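1. this is a predicted model, with the sequence first.
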Amino acid sequence: MCFGMVLIMSVYNSALHGFSSYSVEKALIQFVITFIVAFIAESFVEPIAHKLARSLPYDQTKELNFIIVFAFCMVPMMVVIMSAYGTILTMITVGIEGSILTAYLKTVALNIIVALPSQLLIVGPISRKLLCKYIKPAIQNTELNG
């Protein structure tokens, strides 16, 4: 999931700032660094979002309900963190005119409107499908043979 979200959000944010200043090499390096930052952030945010999602009052017997609630807990926290990273990266690479706080809040607003639908409609479903197809059978085979 982290890879897919970083890919979508990197392309989206590059489009916002203009692709003309990017080379393939620069974009790949930036993607790898962003992926590492997002992966580390996600490792801290995920347990908090999971605990929060389990504590809210909704019908937890349906898996789809948990998926939606979990996304609504996880994505805003990740957007807040990754938008800070993005604002700093923008400040370093192309500069920011005006207030850093204003730029950060604008970045949060612009990111949340793409991140949440991307998670719910694209990355989440694809990730779960791949997990069920490739990872779970490998784990079950290991447990049977172990």
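-> On my side now, so go ahead.
2. contacts and neighbour counts: CA atoms only from here.
-> Will do.
3. quick one: the strands in the chain?
-> Using DSSP state E, the chain contains no strands.
4. pLDDT weak spots in it?
-> 20-22, 136-146 (pLDDT under 70).
5. how about the helices in it?
-> Applying DSSP state H to the chain gives helices spanning 2-17, 24-55, 63-93, 100-118, 124-130, 136-145.
6. okay if I get the ones you listed as CSV plus mean neighbour count?
-> Shown next, in CSV, are those (neighbours: other C-alpha atoms under 10 Å):
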stretch, mean neighbour count
helix 2-17, 16
helix 24-55, 15
helix 63-93, 17
helix 100-118, 16
helix 124-130, 15
helix 136-145, 10
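7. what is the end-to-end distance of stretch 18-29?
-> 17 Å (C-alpha to C-alpha, to the nearest Å).
8. that stretch: how far from the chain's middle?
-> 20 Å (C-alpha atoms, centre = their mean, to the nearest Å).
9. pull the distance from stretch 65-85 to the chain's centre.
-> So, by C-alpha atoms, centre = their mean, the centroid of stretch 65-85 is 7 Å from its chain's centroid.
10. list the contacts of T87.
-> I100, A103, Y104, T107 (C-alpha atoms under 8 Å, 6 or more residues apart in numbering).
11. and M77, by the same measure?
-> With C-alpha under 8 Å, 6+ apart, M77 has these contacts: V45.
12. now it: how far from H50?
-> Taking C-alpha to C-alpha, one finds M77 at 12 Å from H50.
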